[in-house]
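>>> Fold the following.
(one chain, ligands or ions: 2)
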Amino acid sequence: TERYNPRAAETHWQKVWEDAKIFETENDDPREKYYVLEMFPYPSGRIHMGHVRNYAMGDVVARYKRAKGFNVLHPMGWDAFGMPAENAAMQNKVHPKEWTYQNIATMRQQLKSMGLSLDWSREFATCDVDYYHRQQMLFLDFFEKGLVTRKTSKVNWDPVDQTVLANEQVVDGRGWRSGALVEQRELTQWFFKITDFNEELLSGLDTLDHWPEKVRLMQRNWIGRSEGLLVRFGVDQATAPQGESEIEVYTTRPDTLFGASFIAIAADHPLAKKLAQDNAALAAFADDCRHTGTSVAAVETAEKKGFDTGVRVKHPFDDDWTLPVYVANFVLMDYGTGAIFGCPAHDQRDLDFANKYGLPVTPVVLPAGEDAAHFRVTETAYVDDGTMINSRFLDGLTPEEAFKQVADRLEKIAINGRPQGERKVQFRLRDWGISRQRYWGCPIPMIHCDDCGVLPVPKADLPVKLPDDVEFDRPGNPLDRHAAWKQVACPKCGKAARRETDTMDTFVDSSWYFARFTAPWENEPTDLKAVNEWLPVDQYIGGVEHAILHLLYSRFFTRAMKVAGHVGIEEPFKGLFTQGMVVHETYKGPDGWVAPADIRIEESDGERKAVLISTGEPVEIGSIEKMSKSKKNVVDPDDIIASYGADTARWFMLSDSPPDRDVIWTESGVEGAHRFVQRVWRLITEAAPALRDVTPKSAFEGEAGLVSKAVHKTLKAVGEDIEKLSFNKAVARLYELVNTIAGPLQIAAAGKADTALEAALREAVDILIAMIAPMMPHLAEQCRTELGADGLAATAAWPAFDPALIVENEITLPVQINGKKRGDLTIARDADQLAVEKAVLELDFIKTALNGSAPKKIIVVPQRIVNVVA
Ligand code: ANZ
Ligand code: ZN
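Residues are numbered from 1 along each chain as shown. Ligands and ions are numbered 1, 2, ... in the order given. Below is the predicted model:
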């Protein structure tokens, strides 16, 4: 037979599917719904292997569920706003819009060449006016519901690029692009009040039992609920500026209050600011702190530094005990109260700080097995449980009991007319700052009037469209420099006013696209009926790098949309799966990294060597890393599809590793996958003439029975594997099945199979094709055609296995000779006495033992044991 030609077959079937519109989903359909979604791509230019893996997995689920009779929604779109388009504009003088839509066109073609069963009729890009128009409607609705605020906050400001940087964009205190020293600036920004949903976002996680536990844990930590105490320390008047009578701290460890040795406040704490006014050294120190960057990681890794303000406070339980007040770089203004009491023995940062400034270290929690007289803390803080010591009335209690004691007592003491202690639940989660001083994003639909203040754009005036005529010749936000665009009449008084020039964080765009897919044609952001029918997404698949922000923002957005009446549910993603990365060997030549396409692997005596194809020079084989341009270890999906076909690429992506782990892309692996494609093709086409007009029928007996049993067992298991997203297991079973039926198929091809075997084989190949269809959809169609089957594999039902063929209907009995076990007999479970006796006498070890003579007796204990008396 001819070799299978994937290129011709794949384009053919893709066109057939497209013309028949079989993946276009109707909203009103009586069948049960199933919504499968892969995280939509950013149109960076070309798809990469990570996309291939992600979309191959989603497509298996979509095709499988379709075959199982569900009305499947499997849409695709583009997360199309963002910085790279503007960078391209600055570097290559191409308009962000043009750059983006060109990339989309390329990538759409690439995705289509993968043969994904997507409903392209619902496609949109978040930079489509149609889409961001609805996003502006949502913004205004959220504003109306009090879920949007404007407030000043500290941001990382890049003075060269004149833009706000995300924490991730600050590297060693400098802007990632400009290299300029980043400043902390107070900027007025727009915020979504995600913290209004603190408790709900936390408790909602408990309901998401189809999410990976590690993702739920990451979200829990990010939300960061803690139960603590506000403690008000009275200021020693002699040491403080006028009007400063107390410092309020937040602590989760009030039990350690007797181990306190200092107070530390943030550089932006009001007291620090006041003191800095007439203390130049302190002002300089505070300034220095502002350069650290606001991220937790930046604060955590920076060396702990402090400045003694000279102010002293009194210990809440002892008026004669004073503590020094420092300004410290590790205390953040926007957490708790921006002030802490330091307990060096039981907190590592406090200990580092105390050691640096010679402050006392008094342990107050004694670990089990230590004795109080000798226990010291020097380099490592003790953060675990134990028994209270050095703590007066708390001594002997557990920290938990001590917490309660301190809280109860401080709640009853008053300071300046308020209790000195107050229990307080605190969250780490901050409101979501969505303002970006950028062009390529969704304009925030607000207007600034000198007389009337900040007002929403009237809904009738939406959309606020991005202007096309913008220049990228200077850093900063082109919208801000666009006088004509900015100019607008105040919707209230009619006087000249200004448009808001900030655009929305692109995370906003991806926080509701899954809802929009349910009715992308709708004038309102959603069609309530459609969105409530389709959501939640049954299976969401994407990278674990989105485990926190994207998923949390989407969970918030869904709740906010519910408040605004755009959806009826709270949790958008019922099932979540986070896939592993695609990794590849790296190669290093004399002039740096070398691409896999430029080398050849030579194997001799089991040793692998890499040489440059061009010169034959040896290159070093390096470690296996995530595919990245910087290490040049990328393999272009286009090349793979061109040489092996999409089915091979998909099959390999699904085959090698559990889907949540990294998969190592290897040339030999791809070739193995391709050999399998060819093998299936050859076996089926060669047997096709014999099987074409055969009516499928399973068998229970003989060779045909073995075929039927193998195929039904595999069918059951593969279905279960796909339901569990264990694609690699399904693939392994299919390899095995093909091995099992290859021989019989060749017998059939040679015209030597009996009717029963032919019928069993016909059924087996039909089922095999149905099973490979979700993974290798083109090959499945082609094989079906060879067999003369009607209809398409893409719309065929998933076959049902016959339970009767799956029960273990064989039994293994120990066989004894004169009461001593000599071997086993495997036989049909329902075999009668006579059949067992007959089979036993056929066993080699029995024949040898009897050596031609007849046994005296054969004792058969049914279902248990056989004893041959010689
Ligand atoms: C005294 C103490 C003693 C603390 C001890 C810890 C251990 P979580 O659980 O994350 O909420 N803290 C409070 N506000 C802070 C701020 N603005 N910047 C830096 N640190 C701050 O952590 C709460 C603990 O983090 C608080 O409890 C406080 O230090 C510190 F043995 O108070 B603790
Ligand atoms: Zn006005």
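
>>> show me what contacts the nearest residue to Gly336 once chain neighbours are set aside?
Here the nearest residue to Gly336 in space, its sequence neighbours aside, is Tyr250; by CB to CB, 6 or more residues apart in numbering that works out to 3.1 Å. Any C-beta I mention is one placed from the backbone N, CA and C, and that applies to glycine too. Tyr250 sits next to Gly228, Leu229, Leu230, Val231, Tyr335, Gly336, Thr337, Ala339, Ile340, Lys424, Gln426 when contact means CB atoms under 8 Å, 6 or more residues apart in numbering.

>>> So the third one sits against Gln420, correct?
What it means is Leu230. No: using CB atoms under 8 Å as the test, Leu230 is too far from Gln420 to be in contact (9.1 Å).

>>> circling back to that earlier point, give me the subset of the contacts of Tyr250 lying in strands.
Gly228, Leu229, Leu230, Val231, Ala339, Ile340, Lys424, Gln426 (DSSP state E).

>>> Ligand 1 next: which of those are close?
Subset of the ones in strands among the contacts of Tyr250 in contact with ligand 1: Ile340, Gln426, counting by CB under 6 Å from any ligand atom.

>>> For the ones in strands among the contacts of Tyr250, could you give me TSV that also reports neighbour count and distance to ligand 2?
Shown next, in TSV, are the ones in strands among the contacts of Tyr250 (neighbours: other CB atoms under 10 Å; distance: CB to the ion, whole Å):
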residue	neighbour count	distance to ligand 2
Gly228	19	45
Leu229	23	47
Leu230	21	41
Val231	26	46
Ala339	25	41
Ile340	26	45
Lys424	16	41
Gln426	18	40
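
>>> Tell me which helix or strand comes right after the lowest-mean-pLDDT helix or strand in the chain.
Lowest on mean pLDDT, DSSP states H and E among the helices and strands of the chain sits helix 296-301, with a mean of 67. Where DSSP states H and E defines the elements, the next helix or strand beyond helix 296-301 is strand 306-315.

>>> ok, the following helix or strand past that next one near ligand 1 or not?
Using DSSP H and E, the helix or strand that follows strand 306-315 in sequence is strand 318-328. No: contact of strand 318-328 with ligand 1 (CB under 6 Å from any ligand atom) is absent, the minimum separation being 8.4 Å.

>>> Pull out the buried residues from strand 318-328.
Going by neighbour count (16 or more other CB atoms under 10 Å), the buried part of strand 318-328 is Thr322, Leu323, Pro324, Val325, Tyr326, Val327, Ala328.

>>> In TSV: those residues, plus distance to Glu86 and pLDDT.
Shown next, in TSV, are those (distance: CB to CB, whole Å; pLDDT from 0 to 100):
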residue	distance to Glu86	pLDDT
Thr322	55	97
Leu323	50	98
Pro324	49	98
Val325	45	98
Tyr326	42	98
Val327	38	97
Ala328	38	96
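
>>> For Arg733, state which of the residues you listed is nearest.
Ala328 (60.1 Å; CB to CB).

>>> contacting residues around the closest one?
Ala264, Ile265, Ala266, Lys304, Lys305, Gly306, Phe307, Phe353.

>>> cutoff 7 Å now
Ala264, Lys304, Lys305, Gly306, Phe353 (CB atoms under 7 Å, 6 or more residues apart in numbering).

>>> what's near enough to touch the fourth one?
By CB under 7 Å, 6+ apart, Gly306 lies in contact with Ala264, Tyr326, Val327, Ala328, Phe353, Tyr357.

>>> now swap in the last one and tell me
Neighbour list for Phe353: Lys304, Gly306, Ala328, Gly342 [criterion: CB under 7 Å, 6+ apart].

>>> can you list the weak-confidence ranges in the stretch 351-500 of the chain?
The stretch 351-500 of the chain contains no residues with pLDDT under 70.

>>> List, one by one, the residues from it near ligand 1.
Gln426.

>>> can you list the residues of the stretch 101-250 of the chain near ligand 1?
So the stretch 101-250 of the chain meets ligand 1 at Gly224, Ser226, Tyr250 (CB under 6 Å from any ligand atom).

>>> So what's the residue count around the closest residue to Arg63 other than its chain neighbours?
Leaving aside its chain neighbours, Arg63 sits nearest to Pro774 (3.9 Å; criterion: CB to CB, 6+ apart). When neighbours are counted by other CB atoms under 10 Å, Pro774 registers 28.

>>> before we move on, the earlier item: tell me which of the contacts of Ala328 is nearest to ligand 1?
Ala264 (8.0 Å; CB to the nearest ligand atom).

>>> so that closest one sits right up against Asn329, yeah?
No: applying CB atoms under 7 Å as the test, Ala264 and Asn329 come out as separate, 9.2 Å apart.

>>> how much space between the closest residue to ligand 2 within the stretch 601-750 of the chain and Ser643?
Closest to ligand 2 within the stretch 601-750 of the chain is Lys629: 50.2 Å, counting by CB to the ion. The gap separating Lys629 from Ser643 is 21 Å, by CB to CB, to the nearest Å.
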